[in-house]
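In: Quick one, structure for this:
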Amino acid sequence: MVEPLGAGDYLSGRLLVASPRLADPSFTRTVVYVLDHGAVGALGLVLNRPTGVAVEEILAPWHELAAKSPPPVIFSGGPVGPGAVVGLVSGVSVDKPVGWHQMIGDVGTADLSVSPSEQPCAFGGARLFSGYAGWSADQLEEEMRQGAWFCVEAAQTDLLTENPDGLWHDVLRRQGGELGILAAYPPHPSAN
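Out: Residues are numbered from 1 along each chain as shown. Next comes the predicted model:
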């Protein structure tokens with residue numbers, strides 16, 4: 001199933017999938033991409049919480065690119081720093097000199113203060129996140145020991161999925177075994 005973290009094991013570039021037992025409403029049935037994880041803590045983006053706020057209402061220059069990675073709305077990236085906006089972009093070659101950080105394949109973070117038309121290369125799509133998920137030193141490791149999270153490999157398609165509402169189910173199902181069975185776990189077991 002899920003192996004415990006050893007000393008020096010870091011999760012950058014992986015997914016955290018909320019266990020059905022995780023009751024915190026900020027993270028119930030979420031899938032978090034871990035942007036950075038180290039001795040001082042971790043930070044990531046919740047990938048499956050679209051809001052009803054259109055990108056054009058917040059950062060109009062990025063609306064056209066967001067429409068290429070539907071839905072073109074702001075996503076809630078997590079409960080920390082809701083005023084901060086993080087952008088994921090696709091379609092960038094790693095050899096291009098741009099102010100972005102590669103994550104998986106041609107997906108990376110972008111400097112949203114520079115409009116798409118002023119970027120040194122063209123992006124294929126974008127997704128914008130308000131806020132992020134953050135953990136202090138050893139906090140994430142403790143939550144994992146308590147069974148709150150499953151850590152799995154990320155796929156490029158997870159980051160800009162067109163079906164964010166189904167991402168929790170889809171990621172668990174592709175794991176197979178015990179985790180795959182959890183994909184069918186009902187949102188409210190008492191209603192089953």
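In: Where do the strands of this structure begin and end?
Out: 14-18, 31-38, 41-46, 50-54, 73-76, 80-90, 100-104, 107-110, 125-136, 149-153 (DSSP state E).
In: Figure out how far the longest one is from the centre of its chain.
Out: Okay, so that is strand 125-136. 7 Å (C-alpha atoms, centre = their mean, to the nearest Å).
In: now do the third one
Out: Relative to the mean C-alpha coordinate of its chain, strand 41-46 is positioned 8 Å out (C-alpha atoms, centre = their mean).
In: for it, packing partners?
Out: strand 31-38, strand 73-76, strand 80-90, strand 125-136, helix 139-145 (3 or more C-beta pairs under 8 Å, 6 or more residues apart in numbering; DSSP states H and E). Where you see a C-beta, it was placed from the backbone N, CA and C, and this is true even at glycine.
In: Next, format the strands of the chain as CSV and append distance to Leu182, mean neighbour count and mean pLDDT.
Out: Shown next, in CSV, are the strands of the chain (distance: least, C-beta to C-beta, whole Å; neighbours: other C-beta atoms under 10 Å; pLDDT from 0 to 100):
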stretch, distance to Leu182, mean neighbour count, mean pLDDT
strand 14-18, 9, 23, 97
strand 31-38, 13, 21, 96
strand 41-46, 18, 22, 96
strand 50-54, 23, 13, 96
strand 73-76, 23, 22, 98
strand 80-90, 26, 18, 93
strand 100-104, 23, 17, 80
strand 107-110, 26, 21, 89
strand 125-136, 21, 21, 96
strand 149-153, 8, 18, 97
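In: Let me have the ones you listed in JSON lines, adding distance to Asp170 as columns.
Out: JSON lines is the format used below for the strands of the chain (distance: least, C-beta to C-beta, whole Å):
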{"stretch": "strand 14-18", "distance to Asp170": "10"}
{"stretch": "strand 31-38", "distance to Asp170": "9"}
{"stretch": "strand 41-46", "distance to Asp170": "15"}
{"stretch": "strand 50-54", "distance to Asp170": "15"}
{"stretch": "strand 73-76", "distance to Asp170": "16"}
{"stretch": "strand 80-90", "distance to Asp170": "18"}
{"stretch": "strand 100-104", "distance to Asp170": "16"}
{"stretch": "strand 107-110", "distance to Asp170": "17"}
{"stretch": "strand 125-136", "distance to Asp170": "17"}
{"stretch": "strand 149-153", "distance to Asp170": "11"}
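In: And the helices and strands packed on strand 41-46: which comes nearest His101?
Out: Closest approach to His101 among the helices and strands packed on strand 41-46 is made by strand 31-38 (8.1 Å; C-beta to C-beta).
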